[in-house]
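> Sharing a sequence plus its predicted fold:
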Amino acid sequence: MLPTPDNENRSLISRPGRLLEKAESGVKRVLAEMVADVLGLAPVEDAELLFQTGASYHRKQDYGEAVKYLRKAAQANHARAQYILGLCCHEGTGTPSDNVEAVTWFTRAATQGHADGQHSLGFCYASGLGVRQDHAQSVGWYRKAAEQGNAQAQNNLAKCYQNGCGVPQNYDEAVKWFLEAARQGNTESQYGLAYCYIHGQGVTQSYVWRQPSGTERQLNRDTNVLERPWR
């Protein structure tokens, strides 16, 4: 007589597909670990721990150790680690300055949807840092980051529209993105928006803006707009 199966085995007997799924999952895991070991990569599940370790060293200003762990996390496809490693490569922090490598890591982070990585990649294309200058590419990456709420990308995208750099000049779009960034407290965009009002770019020309409190203030070419009035 066959032994009575316990609950777990009874479940597997009644659902043989589950047993196959578990076997396949185990095989995939072993293969993934073998590949990671051969390539010197960290298992994906350890990527967050590696990133946190690297970030901890970075906070302690031990940049050499920080880069060591950030690189391992980045190689395991941790998007934030890829972005910060890109910054380290760009700034020469804990590793020799290398804008080509910085672009590599910004690209990997950006293609995973990391907004800061997208903005940084856009900046590299705009400036020709580590990559051939390409304003159209720059605008494309700025837009992706701007649509995720990255204030600096919104500001830079607004400037592209204002100056017709990488896109046809469009003051309406410039005002739209200046306003989005200014609402987040981005001071460059507050200046930019003030400039648009002074010169009538995309808005009715006005030398007066109304603060949320209802009070008004005169604008001129030297206006210092730092009080987040564009809410």
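Great, that's in hand. Residues are numbered from 1 along each chain as shown.

> For stretch 85-96, measure first residue to last.
12 Å (C-alpha to C-alpha, to the nearest Å).

> go on, stretch 130-139?
Start-to-end, stretch 130-139 (C-alpha to C-alpha) is 17 Å.

> Just the buried residues of that stretch, please?
Gly130, Val131, His135, Gln137, Ser138, Val139 (16 or more other C-beta atoms under 10 Å). Heads up, the C-betas are built off the backbone N, CA and C, glycines and all.

> so the last one touches Gly164, yeah?
In this case it means Val139. No: in this structure, Val139 is not within contact of Gly164 by C-beta atoms under 8 Å, at 10.7 Å.

> Restricted to strands, list the buried residues of stretch 130-139.
With strands defined by DSSP state E, no entry of these lies inside them.

> now, which of those residues sits nearest Ala73?
Ala73 has its nearest neighbour among the buried residues of stretch 130-139 in Gly130, at 21.0 Å by C-beta to C-beta.

> Quick one: the strands in this protein, in order.
208-210, 216-218.

> Rebuild the buried residues of stretch 130-139 as a markdown table, extending it with pLDDT and distance to Ser56.
Formatted as a markdown table, the buried residues of stretch 130-139 follow (pLDDT from 0 to 100; distance: C-beta to C-beta, whole Å):
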| residue | pLDDT | distance to Ser56 |
| --- | --- | --- |
| Gly130 | 97 | 28 |
| Val131 | 97 | 31 |
| His135 | 97 | 38 |
| Gln137 | 97 | 34 |
| Ser138 | 98 | 33 |
| Val139 | 98 | 36 |
